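1. Structure, please.
(one chain, ligands or ions: 1)
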Amino acid sequence: MLSQPQRVAIRREFHQHPELALEEVETKQRIQKIIATFNQKFLSFKQLDALPTALLVRVEGSNPKRTIGYRADMDALPVVEQTGFEFASKNAGKMHACGHDIHLTVALSILSYYADNQPIDSLIFFFQPAEESENGGKIAYELGAFEGQWRPDEFYGLHDNPDLESGAIGCCQGTLFAGTTEVDIELKGKGGHAAFPHTANDMVVASAYLITQLQTIVSRNINPLESGVLTLGKIQSGTIRNVIADRAVIQGTVRGLTQTMIEAINERIKTICEFTAKSFNADVQVNLNQGGYLPVENDDKLTAQFIEFMSTHQDVNFVETTPAMTGEDFGYLLSKIPGTMFWLGVEDTHPLHSQYFSPSEEALKTAPEAIVAFLNWRMSR
Ligand SMILES: CC(=O)N[C@@H](CCC[C@H](N)C(=O)O)C(=O)O
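-> Numbers count the residues shown, from 1 in each chain. Here you go, the predicted structure:
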């Protein structure tokens, strides 16, 4: 298995060269280059023409009862890194601010183990593009990535978590992550001179009211005992102080722990947009795209086994977690193939998606061993 210094070097190499969703060309080349150094005897590969940055690797089992999938995502975010590390991003405006560099390194470490130690069951490693946006998991599934001998009977994947101690494994039964919807709103009015507001139709003012109205969905429309989020993370309108803006673009994301909640919030967004725009005599276009970001629902039986193993294994610091409002398109894959998603603690004071996010590399010391131990245990059953 890759040593800790090798793991750290690999993680830093990925960290220095982040690529956005569907652009992970060099990242895939790096993955392939690393795998090329492994024993090839039990390995075979699959690529997808229409999703060229994806890579599937199959490890042939010695006496397979099942095929087990393991997924690692590989895309970065459009974030300007501010960590000041010597291995900080070399790609301007892009950063592995969600720890997918850690995810890749853990997956490659596990793969390196099974390249040398043939597993009993067959394994499929899915190096997945486009988790942060663009639905890489769903696209791969729909392209037939998991057909025939490439279909796992059960699927596992992790996400790093700065709130957990380094190396801790966190998981829960049922919903681990929220489902999400990407929200795009465009308001159109009439531009004009700042001095003559009565001759124009100001989309800065309309968007201010619309945003305020939309914020009432969570506070006034949903049951306080349930949960939902609407974050509007981006707004663009206007060009200069003395021109009335004829257009505003608002982008955001909805989060809910159930599909019913997501759909209820989405319906309210449409209604509020329609009537608020009308009240300003503006045109509005609303685009709500859930794509593959379904709630991440862990399979009852497989997750019970995962928790049983992780919570009793002497080398694992296991933490029972509560559902989180982060989204994950692994939710789509788990809606097709049963499995378990879990957290890996990377202890950091900065949250995921922060320009200062600095996951602890200590987590790399123990996570691959813990996951290999679980997989071997699973294969023995
Ligand atoms: C783990 C994580 O941070 N995932 C992203 C997933 C984004 C989903 C989608 N593009 C959206 O923005 O709604 C997250 O922001 O939770």
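
2. gap between Gly174 and Thr181?
-> Distance check for Gly174 against Thr181: by C-beta to C-beta, to the nearest Å, it reads 21 Å. Where C-beta positions appear, they are placed from N, C-alpha and C, glycine not excepted.

3. for the ligand, what are the nearby residues on the protein?
-> Taking C-beta under 6 Å from any ligand atom as the contact definition, the chain meets the ligand at Cys98, Glu132, Ser133, His159, Thr180, Glu182, Thr253, Tyr293, Thr326, Gly327, Glu328, Leu352.

4. Pull the number of nearby residues for the last one.
-> When neighbours are counted by other C-beta atoms under 10 Å, Leu352 registers 19.

5. can you pull the pLDDT of the residue in the stretch 101-250 of the chain that the ligand sits nearest to?
-> Closest approach between the stretch 101-250 of the chain and the ligand, counting by C-beta to the nearest ligand atom: Thr180, at 3.4 Å. We have a pLDDT of 98 for Thr180.

6. Neighbouring strands of the strand or helix carrying it in the sheet, and parallel or not?
-> For Thr180, the element it lies in under DSSP states H and E is strand 179-188. If you go by DSSP bridges, strand 179-188 pairs up with strand 247-256 (antiparallel), strand 283-289 (antiparallel).

7. Would you mind finding the most buried of those strands?
-> strand 247-256 (a mean of 21; mean count of other C-beta atoms under 10 Å).

8. Who has more neighbours out of Gly174 and Thr181?
-> Neighbour count, other C-beta under 10 Å: between Gly174 and Thr181, Thr181 has more, with 22 against 13.

9. Was I right to think that one contacts Ala264?
-> No. Counting by C-beta atoms under 8 Å, Thr181 sits too far from Ala264 to count as a contact (11.3 Å).

10. List the contacts of the nearest residue to Asn281 once chain neighbours are set aside.
-> Distances taken as C-beta to C-beta, 6 or more residues apart in numbering put Asn201 closest to Asn281, at 5.9 Å, once the chain neighbours are dropped. Asn201 is in contact with Gly189, Lys190, Gly192, Ile244, Asp246, Phe280, Asn281, Ala282, counting by C-beta atoms under 8 Å, 6 or more residues apart in numbering.

11. from the middle of its chain, how far away would the strand holding Thr180 be?
-> 18 Å (C-alpha atoms, centre = their mean, to the nearest Å).

12. Contacts for the longest helix that the chain contains, please.
-> For the chain, the longest helix by residue count, based on DSSP state H, is helix 259-279. Helix 259-279 is contacted by residues 179-181, 183, 185, 187, 206, 209-210, 213-214, 216-218, 221-222, 226-228, 230, 254-256, 283-284, 286, 288, 290, 294-295 when judged by C-beta under 8 Å, 6+ apart.

13. now do stretch 344-351
-> 99, 102, 106, 158-170, 317, 319, 356-360, 362-363, 367.

14. From the recorded domain assignment, give the ranges for the protein.
-> By the assignment in automatic domain parsing, the chain contains the domains 4-176+295-379, 179-289.
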